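In: got a sequence here, can you model it:
(one chain, ligands or ions: 1)
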Amino acid sequence: MVNSDPALAALFLKQFAWCKVVGGESVAVLTEPESRETYAEAAQAAASALGARPFRIVLPSHAGEVGAIAAINRGNASSTILDDLPEVTGVLSAVDFIVDLTLDGLIHSKQRAAIQKGGARVLLVREPPDALARLLPTAERTARIARAAERLGRAKTMTVTSAAGTNLRVDLAGAAVRGSPGFCDKPGSSATWAIGAVLVYPPSAEIEGDVVLAPGDIVYPFYRYVDRPVTLRFKGGFVAEIEGDGVDAELMRDYFARWGDPNAYGISHVGWGLHERALWDALAFYPKGEAAGVDGRCFAGNFLISTGPNYAANRHTACHFDLPMRHCTVALDGEPVVETGRLVDRP
Ligand SMILES: [Fe+2]
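Out: Now for the predicted structure:
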């Protein structure tokens, strides 16, 4: 029996207010045996305090056939934990608010669409308590992210350059834009607690050029800083070549190839970090497995490029890289929104 931590419950209360959890709503706290017990307790306490109706689902841990390759990569948001339990998906699609404390997260799971179609708001919680507190939403940031998403929605082309050699051109025709302010307050929406970024899923085949990962850039799901440069050559929206003579390049070539899936090499999303309190060096401090890397994925002025699942292009794969990069210049139709890793702030 874990005694609920009043400070943690107060923190969840603040976040739930952003998610507009109100009296009478049903709140499912979704866990598995290794989920943070303190979070499950705090989520239920906070939901109760708001007059909502929380209940908890404890799923059996999942290390079987389906998850065999994915299981080594915890936290890729492609949880397979519901694959054998369609009944649970049925329950989740009927509730108002889901606190996702599963180890991998449901965001890229097969069941996500069915769950959210029913109107459930899904909040993924993976970061340690100090990060949850430090990275809570603010009205100022929320407005800034909305403006960035609106600007991105109007753009036809994104170009990205860096002194390290990045020179990428992304055609944004038909792209799906998403502002991620770190909370979900609308029916059928989802969020990762602590994120603050904007991103776009481009379906176009006109994505060409080089992405050069430089020392200090981050490779998820390895949770490693790049030590030796890696060049990803994009042709027709797919990674055609991976060059580099260090361990970083070798790890990426190996992991990509392991899936035997051409979709793994397709572009997933591109965007930039807008969270002024997220820390590039957080990865150097948190023990592996303690945090899902939200800091690295959204620190202000990063350029985040990702490969793998792309809903706008109707491509599905469980191989997913998130590659936050520093010191890049990101321009929309020729107008910089990030200049050498710094946000360009326009009114
Ligand atoms: Fe991603």
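In: tell me where the longest helix sits in the chain.
Out: helix 139-154 (DSSP state H).
In: mind saving the C-alpha coords of that helix as CSV?
Out: Presented in CSV, the C-alpha positions along helix 139-154 are these (Å, rounded to 0.1, in the frame of the first residue of the first chain):
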residue,chain,number,x,y,z
ALA,A,139,-0.8,30.5,-20.8
GLU,A,140,2.0,32.4,-22.5
ARG,A,141,3.6,29.3,-23.9
THR,A,142,0.2,27.9,-25.0
ALA,A,143,-0.5,31.0,-27.0
ARG,A,144,3.0,31.0,-28.5
ILE,A,145,2.6,27.4,-29.6
ALA,A,146,-0.8,28.1,-31.1
ARG,A,147,0.8,31.0,-33.1
ALA,A,148,3.6,28.7,-34.3
ALA,A,149,1.1,26.1,-35.3
GLU,A,150,-0.9,28.6,-37.2
ARG,A,151,2.2,29.9,-39.0
LEU,A,152,3.3,26.4,-39.8
GLY,A,153,-0.2,25.6,-41.2
ARG,A,154,0.2,28.4,-43.7
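In: give me the sheet partners of the helix or strand following it and which way each runs.
Out: With elements assigned by DSSP states H and E, the helix or strand that comes after helix 139-154 is strand 157-162. Here strand 157-162 is paired, per DSSP bridges, with strand 167-171 (antiparallel), strand 328-332 (antiparallel).
In: follow-up on the earlier one: tell me what the longest helix of the chain is packed against?
Out: strand 176-180, strand 197-201, strand 328-332 (3 or more CB pairs under 8 Å, 6 or more residues apart in numbering; DSSP states H and E). (Each C-beta comes from the backbone N, C-alpha and C, glycine too.)
In: right, and the helix or strand after the helix or strand of the chain with the lowest mean pLDDT?
Out: Within the chain, no helix or strand scores below helix 112-117, which has a mean of 92 by mean pLDDT, DSSP states H and E. Next in sequence after helix 112-117, counting helices and strands by DSSP H and E, comes strand 121-124.
In: any part of that following strand near the ion?
Out: No - using CB under 5 Å from the ion, strand 121-124 never reaches the ion; the gap is at least 12.4 Å.
In: how about whichever helix or strand comes after that strand: buried residues?
Out: Later in the chain than strand 121-124, the nearest helix or strand by DSSP H and E is helix 129-134. By neighbour count on 16 or more other CB atoms under 10 Å, the buried set for helix 129-134 is 131-134.
In: between the residues you listed, which is closest to the ion?
Out: Checking the buried residues of helix 129-134 against the ion by CB to the ion gives A131 as the nearest, at 18.0 Å.
In: export the helices and strands packed on helix 139-154 to JSON lines and tack on mean pLDDT and mean neighbour count?
Out: Shown next, in JSON lines, are these (pLDDT from 0 to 100; neighbours: other CB atoms under 10 Å):
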{"stretch": "strand 176-180", "mean pLDDT": "95", "mean neighbour count": "20"}
{"stretch": "strand 197-201", "mean pLDDT": "97", "mean neighbour count": "24"}
{"stretch": "strand 328-332", "mean pLDDT": "98", "mean neighbour count": "22"}
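In: so which of those is nearest the ion?
Out: Using CB to the ion, the helices and strands packed on helix 139-154 put strand 197-201 closest to the ion, at 7.7 Å.
In: name the strands paired with the closest one and say parallel or antiparallel.
Out: Here, using DSSP bridges, strand 197-201 pairs with strand 176-180 (antiparallel), strand 267-273 (antiparallel).
In: what does this structure put close to the ion?
Out: Near the ion, when you scan the chain using CB under 5 Å from the ion, you find 306, 322.
In: low-confidence bits of the chain, can you list those?
Out: Where the chain drops to pLDDT under 70, the residues are 1-3, 63-78, 347.
In: how about the helices in it?
Out: Secondary structure of the chain, counting by DSSP H: helices at 6-18, 37-49, 86-92, 112-117, 129-134, 139-154, 247-258, 294-298.
In: list the buried residues in the third one.
Out: Applying a neighbour-count criterion of 16+ other CB under 10 Å, one finds 88-89, 91-92 buried in helix 86-92.
In: quick revisit: how about JSON lines for the helices and strands packed on helix 139-154, with distance to G273 added?
Out: As requested, those are exported to JSON lines (distance: least, CB to CB, whole Å):
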{"stretch": "strand 176-180", "distance to G273": "10"}
{"stretch": "strand 197-201", "distance to G273": "5"}
{"stretch": "strand 328-332", "distance to G273": "10"}
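In: nearest to T166, of those?
Out: Between T166 and the helices and strands packed on helix 139-154, the tightest spacing by CB to CB is seen for strand 328-332, at 6.0 Å.
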